[in-house]
Every structure is written in C-alpha cells, then in structure tokens.
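sequence plus the predicted model coming up.
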Amino acid sequence: MYPSILPRTLLKILIAACVLVGALGTVRAATYTDSGSLGAYGSRTYRALIEANTDVTVTVTSDGFFGMRIYTPTGVEIGTGYYNLSGGPNVIATFRATEYGQFQFDYNSGEGRRINFNVVIEYTAGAPDQDNDRIPDSQDNCPTVLNPAQVDNDNDGLGDACDPTPYGDFDSDGIDNMVDNCYYTANSDQADSDGDRVGNVCDNCASRSNSDQANDDGDTMGNVCDPFPLDRLNDVDGDTISGHIDNCPLVSNIDQANTDGDSLGNVCDPTPNGDTDNDTIDNLADNCPGVANTDQANTDGDALGNLCDPTPNGDTDNDTIDNLTDNCPTVANTDQANTDGDALGNLCDPTPNGDADNDTIDNLTDNCPTVANTDQANTDGDAL
C-alpha cells in the first residue's frame, strides 16, 4: 500500500497558487491533487481549471495499471492516452495549455481489482502577462491594457483598447478615421469653415456647406460653388457659355453662330458652310461641292473641278464638247458631224467630204478626185 494514497471515497484537492509579480508582469502557477481508488476496470472523471499559455505536468502514483485521457475545454483530446503501470510518483504527461478553462482528465483502471491512485496536476505560466487578460505579453496586442478579445479593427497590430486610432489613420495626422473630417488628407486642426463635417483641406466648397461633396464635372469645385458645374474646364474660352453646351468650347463665340447646323460653331468649324461631299473642303470653296475631291484639281481653271466638270479640259467654242474630244474645238458644232470620218468635223474641215488624192481639194469639188491636181487645170472646161 502507498501511505500517501487515500481511500476511494475521499477526494482531496489541494490547490496551491502562487502569484509572482515582477518587472515583466504577473506569473501564475497552481497544483491540483486528486487521490482515491478505482474498482475493477473502473473509470472516473476529474476537472481542473487551467490558465492559457501554461506548461502542465501530470504525475501519478498507483498500485496497479492506471490509464488517463486528457481533453481541452473545447473537447480536443491531448495526445492519445497516458498510463502508469504501477508505483511512482511517475510523470505520465506534459503539455502546453493554449486555452483557458476546465480541462478534463478521464481515469481508467486496467486491473480486475480495486487500485489506489494519487494524481498531481501542476501548471506554471512563465510568460509575462502584465494586464492579467490571460494573453502573454509576447502575443498580446495591448500588453498593458486588459483586452482578452484582442479586437483590432484596423489590423495594425495594436488592439483597439490601447490604440489611439483604433479604426486607422490613413493620413497619419493623429485623428482616427472614424472621426477625421479629411481622412485621406492630413489636417490635425480639423478646420471646417462651413460646418459641413468635411475639413477645409479636402472640401471642394470650403465656403459653402455641401456634405455630399457633389461634383458632376469632376473638377476641383463642388456643384454648389461651381459657376459651370457641368463643365470640367469651367468656360475656358471665357464666353460665358458652359463647355458642355458650347459649340466652340475652346474658342469664344457668345452668339454660337452655326451656319451649317452641325455640332461646331462657325468660328471653330473648318467647314462652317457645310461639307456635303465630306472631302473636308467647305461648300463655298469646294469646286465640286457634291463630289468628293480633296485635291480640288481643275485643269481648265474654271469654276468646276475636274471630277464634276463636263468639260474638264475646257470648251473653247462653248458647244458643251470638251476640247480634248471636240472635233472642232474652236468652232461650235454640238452635233460633231464628220462626213469623211477624219479628225476634223465638217464645220472646221477644209475637205469635209474627203480628199482621196490628198491634193487639198474636197472630193465634191475636185475635178480629178483620185489624181492629185492642186491647180485643177481644165483646158476644155468640162467636168474633168
């Protein structure tokens, strides 16, 4: 028998807690003792309150086979079971407690008879915890301020309980984002002349209240103080017409004259009178306003360009026949009659009926049409 083991019906729990306070903070330690007996193949459960982040040692003395399973406060088993064959005291388990709460120790006997046991559970917390929130200083995001929940809204590594700007400080001006009236622009004075809760340094209308900061044209002025709220350039040409409706936003034209009715006013329209054929030449200057001819080629130099001129090479005799094709370019002959079929029309051909013998005498008047006789000598005065 073991003189230190008590009868089964007697449970003796000895809790010895010591608190050491030093420069690094509070250090906790405690010891639980459970003594008794188990019947043949019997079992029993014991619970002990253990601090988080502590080192736990389990020592057993028994006069027979004594087994144990250990569970965390959330029911996770530690290890795969521990045992003491006989005798002791023997250390059967050591582990690191990462949770705070009631740990469960399930005993069981491996003997077909009653056995006696004595269990000693000890834990020591060597990690400093200055604020006693059961979070070691090395892991605590506020080591000197109690904050067991470790809430850190801005995820900056400093818990809300000790963070002067728990919701962040985007502009680093020392003002928390939740209350900063310009959280992207530093303004530690938080000046707000118009009282719209938007600081002067980031207010697009610092002299007029506009908490919504509406700015339709996306310039630097909010709608309430922008004389041209829909014109990003704010009437850059100074003609008092807002750019979004100005038909010449970059050229002053108060009258907005627009002869051709397109989207551009006359003063900035390269074709103010229109460009019917889309050749970039204004209709008034285009020598072919209905036919695209960007080069404005005009061989005969008249009012019409080649592409729309029926006589692009001129019409000297005004008979509507182009000089290059007119068989009498200097004598009007619209019908282009040409009896002998040569290069000249009848009206300008000295031999309109032909000159078979090439003696410059027309066949109809030549007294020898097949024999050249330019002098037309005829002694007897007959037809030949």
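Arrived safely.

which residues of this structure fall in strands?
18-22, 25-38, 43-50, 54-62, 66-71, 77-84, 87-97, 101-109, 115-129 (DSSP state E).

got these as a markdown table, with distance to residue 369, mean neighbour count and mean pLDDT columns?
(C-beta placed from N, C-alpha, C; glycine too.) Output for the strands of the chain, formatted as a markdown table (distance: least, Cβ to Cβ, whole Å; neighbours: other Cβ atoms under 10 Å; pLDDT from 0 to 100):
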| stretch | distance to residue 369 | mean neighbour count | mean pLDDT |
| --- | --- | --- | --- |
| strand 18-22 | 148 | 10 | 37 |
| strand 25-38 | 143 | 19 | 82 |
| strand 43-50 | 145 | 16 | 96 |
| strand 54-62 | 144 | 21 | 95 |
| strand 66-71 | 141 | 20 | 96 |
| strand 77-84 | 139 | 15 | 92 |
| strand 87-97 | 139 | 16 | 94 |
| strand 101-109 | 141 | 18 | 96 |
| strand 115-129 | 140 | 20 | 87 |
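
export these as CSV, with columns for distance to residue 337.
Converted to CSV, those look like this (distance: least, Cβ to Cβ, whole Å):
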stretch, distance to residue 337
strand 18-22, 134
strand 25-38, 128
strand 43-50, 130
strand 54-62, 129
strand 66-71, 127
strand 77-84, 124
strand 87-97, 124
strand 101-109, 126
strand 115-129, 125
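
quick one: closest of the ones you listed to residue 152.
strand 115-129 (18.0 Å; Cβ to Cβ).

quick one: contacts for the residue lying closest to residue 45 once chain neighbours are set aside?
For residue 45, ignoring the flanking residues on the chain, the nearest one in space by Cβ to Cβ, 6 or more residues apart in numbering is residue 106 at 5.3 Å. When contacts are counted by Cβ atoms under 8 Å, 6 or more residues apart in numbering, residue 106 touches 43, 44, 45, 68, 69, 70, 71.

hang on, the third one packs against residue 103?
No - using Cβ atoms under 8 Å, residue 45 is not in contact with residue 103; the gap is 11.1 Å.

just the contacts of residue 106 now: which is nearest residue 95?
residue 70 (7.3 Å).

and the gap between that closest one and residue 370?
Going from residue 70 to residue 370 by Cβ to Cβ, to the nearest Å gives 144 Å.

over to residue 292?
56 Å.

cool, and residue 84?
From residue 84 to residue 370 the distance is 154 Å (Cβ to Cβ).

that older thread, name the residue in residue 292 and residue 370 with the higher neighbour count.
residue 292 (16 against 9; other Cβ atoms under 10 Å).

find the nearest non-adjacent residue to the more buried one, please.
Using Cβ to Cβ, 6+ apart, the nearest residue to residue 292 is residue 279, at 3.9 Å.

OK, contacts around the one you found?
286, 292, 293, 294.

tell me the pLDDT of it.
On the pLDDT scale, residue 279 is placed at 96.

show me what residue 123 is bridged to.
Beta-bridge partners recorded for residue 123 (DSSP bridges): residue 30, residue 56.

tell me the spacing between it and residue 100.
Residue 123 is 11 Å from residue 100, by Cβ to Cβ.

report the set of residues contacting both of those two.
Joint contacts of residue 123 and residue 100 (Cβ under 8 Å, 6+ apart) are 50, 51.

low pLDDT regions in the stretch 101-250 of the chain?
Within the stretch 101-250 of the chain, the stretches with pLDDT under 70 are 126-127.

state the distance from the one residue sitting closest to the centre of the chain to residue 249.
Among the residues of the chain, the one closest to the centroid is residue 218, at 17.4 Å (Cα atoms, centre = their mean). For residue 218, the distance to residue 249 equals 16 Å [Cβ to Cβ].

tell me the contacts of residue 52?
97, 98, 99, 100, 134, 135.

if we go to 6 Å?
99, 100, 134 (Cβ atoms under 6 Å, 6 or more residues apart in numbering).

okay, now the residue nearest to it when sequence neighbours are not counted: neighbour count?
In this structure, residue 52 finds its nearest non-sequential neighbour in residue 100, 3.9 Å apart by Cβ to Cβ, 6+ apart. Neighbourhood size, residue 100 [other Cβ under 10 Å]: 17.
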